[in-house]
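Student: Following is a predicted model, sequence given first.
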Amino acid sequence: MEKTTDIRDDDEHMAAFPINRGYLKRKKIYNGIAALFAVIAFIIGSFPVFHIIYEAIAVGHQYLNWNFVSTLPTGFPIGAKGGMLNAIIGDVYLIVISSTLAIPLGIGTGLYLSLFGKKRTNGILRLLNELMLGIPSVVWGIVGFYIFSTNAGPGFHLGFSALAGGLTLGFIMTPIITLLTEQAVNHIPASYVEGALAMGATKWQATEAVIVKAAMGGIFIGILLGVMNIIGQTAPLLFTNYYNTGLPTGITGSGGAVGDMAMLIFIYIHEPSKILHYKAEAASVVLLLFILIIDLGLRLISYLTKRFIL
Amino acid sequence: MPENNTSEKDRDNVIVDVKNLNFYYGSYHLLKNINLYFKKNSVCTLLGPSGCGKSTFLRTLNRMNDYTEGSKLTGEVLINGKNIYDRSVDVVELRRDIGMVFQNPNPFPKSIFDNVAFGLKIHGIKDKDFIVERVEKCLKYSALYDQVKDKLNKPALSLSGGQQQRLCIARAIATNPSILLMDEPTAYLDPISTSVILDLINSFKKYYTVIVASHNIQQAGRISDYSGFFLDGELIEFSEAGSFFTRPKDKRTEDFITSRY
């Protein structure tokens, strides 16, 4: 214990420390390579996005005006005149219906997994959730058809309608929100939760006390991803809602079908008409703007809840 | 068998009585047959090097280890004569009576006021006047009130580390516990904040039984009425602070006190 050695005093020790000058030079090169790789990956990865935006604007710009988003499609083939108001309104219907189902269901399941579930059941539930994420959307369409739309057999007999389509989309959205909620709650610093538990809080009180500040951001990202995902879906709607060129008169039954932007693009592209092809491109620009508005809107809500709910 | 040096005849004011406590995590035997008791309105420090089991022991006193999966506990912890590991014991009620302060200051990401009020709210108190009065009192007890009285609605995380730790103490005493557990409360604080907290602990024994885990001998010496020494999950020695620090009975305790670990 008495004898302390400082390695700085030990000449022999320092001499035995081999400085690899070659490596010191090379490590800067490695750093450069890593940075270069990241830049190249970004360029390749983001190229399709810029290409889509460019292409859509270049081809569809002639139809991008207020009239296009504020009137219903008319003319022959339908859509040759008028705009796409039916699809925008229809998407709002679908988002509201699917979110009403998916947000409470997804957040609830996520909270169960992260707070209350037993280890073994959690493993199974998590696996099922990942399985749900992997189910092809066309399969969801068929499932939705049998559960909600068809008038034959057991089921809800909702017809091709916004409610049937929206609920089907809700099932696609749920596992995404579940996954993100679970991760967000799991990432709440253990010390917060422990501090609350030590005061006699229940698990829920402990989580609830910090969830707004510590996990709401992650949960909002889950909702955002879910909404983005379903806006782009067409396959589940093929068998549950299909498409309406006008405005719906209800949300179930024969007048209950709604238009949908992704569906509009899909249908217009299949029509043998140059005008409709151009309008499909214009509609994809509108769809992108729509997504952008929802994104910014949700982020604003997320920011405000964190900022003003202490 | 670890030696328990407090005199057996005087057991009148015992509040926490630990009997044959063993704690296992998987195949690790973390606490080995611990026997000791703590007296009302005293400050007890549990010393020992890192990893000796003193934090684990502290957490068995308010059942915080319940959440550690794969852990097992045998033996008894009697608080006011009642075994807290008995099935009939409500953990929530138990923890209202046993406050805890952690090594890292861990105030909630809420306002200063809400941090202290949290303990009252989770136990169902809704009377606003009572809460306001109580928060004020607790902040005064923990020597923080003068520094924060004008910014009670500011986020707690805007405070300095020492202030945050005092806020955590205020939070812990808000529910009026009879026992206060402190897990190395000054480990991450500067000397001045540390000194303030040690003074607080000294003043607290009027109201509470304070049990502090620490690896700092000087700090423990400043506040202790009783001291214990843990090593590798065993309680080596437990006695009144005077004799513990000046005439330790065990060679290993002596080595630790004279810093040979």
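Tutor: Structure received.
Student: who touches A:Gly153 in this structure?
Tutor: A:Tyr146 (CB atoms under 8 Å, 6 or more residues apart in numbering or on different chains). From N, CA and C alone the C-beta is placed, and that goes for glycine too.
Student: Which parts of the chain are strands?
Tutor: In the absence of a named chain, chain A is used. A:73-74, A:81-82 (DSSP state E).
Student: wrong chain, I was asking about chain B
Tutor: According to DSSP E, the strands that chain B contains are B:14-25, B:28-39, B:43-47, B:71-79, B:82-83, B:98-101, B:179-183, B:209-214, B:226-231, B:234-240.
Student: Name the residues that touch stretch B:181-188?
Tutor: B:55, B:58-59, B:61-62, B:98-105, B:161, B:165, B:169, B:193-194, B:197-198, B:201, B:210-216, B:219.
Student: Can you say which of the strands of chain A is packed in most?
Tutor: Most buried of those by mean neighbour count (mean count of other CB atoms under 10 Å in any protein chain shown) is strand A:73-74; its value is a mean of 18.
Student: Show me what that strand is packed up against.
Tutor: strand A:81-82 (3 or more CB pairs under 8 Å, 6 or more residues apart in numbering or on different chains; DSSP states H and E).
Student: ok, the closest residue to A:Ile88 other than its chain neighbours to A:Tyr243 distance?
Tutor: Among residues not flanking A:Ile88 along the chain, A:Val69 sits closest, at 6.3 Å (CB to CB, 6 or more residues apart in numbering or on different chains). Distance from A:Val69 to A:Tyr243, counting by CB to CB, to the nearest Å: 18 Å.
Student: could the strands of chain A be laid out in CSV, adding distance to B:His123 and mean pLDDT?
Tutor: Formatted as CSV, these follow (distance: least, CB to CB, whole Å; pLDDT from 0 to 100):
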stretch, distance to B:His123, mean pLDDT
strand A:73-74, 61, 93
strand A:81-82, 63, 90
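Student: before we move on, the earlier item: and the strands of chain B: which comes nearest A:Ala152?
Tutor: Nearest to A:Ala152, of all the strands of chain B, is strand B:71-79, at 55.8 Å by CB to CB.
Student: follow-up on the earlier one: as TSV, the strands of chain A with distance to A:Ile293 would be great.
Tutor: Shown next, in TSV, are these (distance: least, CB to CB, whole Å):
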stretch	distance to A:Ile293
strand A:73-74	22
strand A:81-82	22
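Student: wait, which of the ones you listed is closest to A:Ile219?
Tutor: Here strand A:73-74 is closest among the strands of chain A (CB to CB), at 37.2 Å.
Student: between the strands of chain A, which one is nearest to B:Phe256?
Tutor: strand A:73-74 (84.3 Å).
Student: Run me through the strand neighbours of the closest one, direction for each.
Tutor: Within its sheet, and counting by DSSP bridges, strand A:73-74 is paired with strand A:81-82 (antiparallel).
Student: From the chain's centroid, how far away is the strand it pairs with?
Tutor: With CA atoms, centre = their mean, to the nearest Å as the basis, strand A:81-82 stands 32 Å off its chain's centre.
Student: and for it, what are the contacting residues?
Tutor: Residues contacting strand A:81-82 (CB under 8 Å, 6+ apart): A:71-75.
Student: Spatially central residue for chain B, please.
Tutor: B:Leu181 (1.5 Å; CA atoms, centre = their mean).
Student: State the pLDDT value of the residue lying closest to B:Tyr25 once chain neighbours are set aside.
Tutor: In space, and not counting its chain neighbours, B:Tyr25 is closest to B:Ser71: 4.9 Å by CB to CB, 6+ apart. pLDDT for B:Ser71: 87.
Student: B:Ser71 and B:Ser27 touch, don't they?
Tutor: No - using CB atoms under 8 Å, B:Ser71 makes no contact with B:Ser27, being 11.5 Å away.
Student: out of those two, which sits in the more crowded spot?
Tutor: Between B:Ser71 and B:Ser27, counted using other CB atoms under 10 Å in any protein chain shown, B:Ser71 has the larger neighbour count: 16 against 6.
Student: Spit out the contact partners of that one.
Tutor: Applying CB under 8 Å, 6+ apart, the residues contacting B:Ser71 are B:23-25, B:65.
Student: re earlier: any idea how many residues pack against the residue nearest to A:Ile88?
Tutor: Count around A:Val69 with other CB under 10 Å applied: 18.
Student: How much space separates it from A:Ile78?
Tutor: In terms of CB to CB, A:Val69 sits 17 Å off from A:Ile78.
Student: again with B:Leu157
Tutor: For B:Leu157, the distance to A:Ile78 - CB to CB - is 58 Å.
Student: Give me the pLDDT for residue 193.
Tutor: The chain I'm using is chain A. 87.
Student: that's the other chain; I wanted chain B
Tutor: Looking at B:Ser193, its pLDDT is 88.
Student: what's around it, how many residues?
Tutor: With neighbours defined by other CB under 10 Å, the count for B:Ser193 comes to 19.
Student: I'd assumed B:Leu167 was in contact with it.
Tutor: No - look at B:Ser193 against B:Leu167 with CB under 8 Å: they stay out of range, at 12.0 Å.
Student: Which part of the stretch 201-310 of chain A gets nearest to chain B, residue-wise?
Tutor: Residue nearest to chain B within the stretch 201-310 of chain A (CB to the nearest CB): A:Lys213, separated by 3.7 Å.
Student: Name the nearest residue to that residue, sequence neighbours excluded.
Tutor: B:Pro109 (3.7 Å).
Student: Quick one: residues contacting that neighbour.
Tutor: A:192, A:210, A:213-214, A:310, B:155-157.
Student: separation between the spatially closest residue to B:Ser214 that is not a sequence neighbour and chain A?
Tutor: Leaving aside its sequence neighbours, B:Ser214 sits nearest to B:Ala220 (CB to CB, 6+ apart; 4.9 Å). According to CB to the nearest CB, to the nearest Å, B:Ala220 and chain A sit 22 Å apart.
Student: Then B:Val92?
Tutor: Distance, B:Val92 to chain A, by CB to the nearest CB: 5 Å.
Student: How many neighbouring residues does the closest residue to A:Leu64 other than its chain neighbours have?
Tutor: Distances taken as CB to CB, 6+ apart put A:Ala282 closest to A:Leu64, at 5.3 Å, once the chain neighbours are dropped. The tally of other residues near A:Ala282 (other CB under 10 Å) stands at 25.
Student: Also A:Leu304?
Tutor: Count around A:Leu304 with other CB under 10 Å applied: 10.
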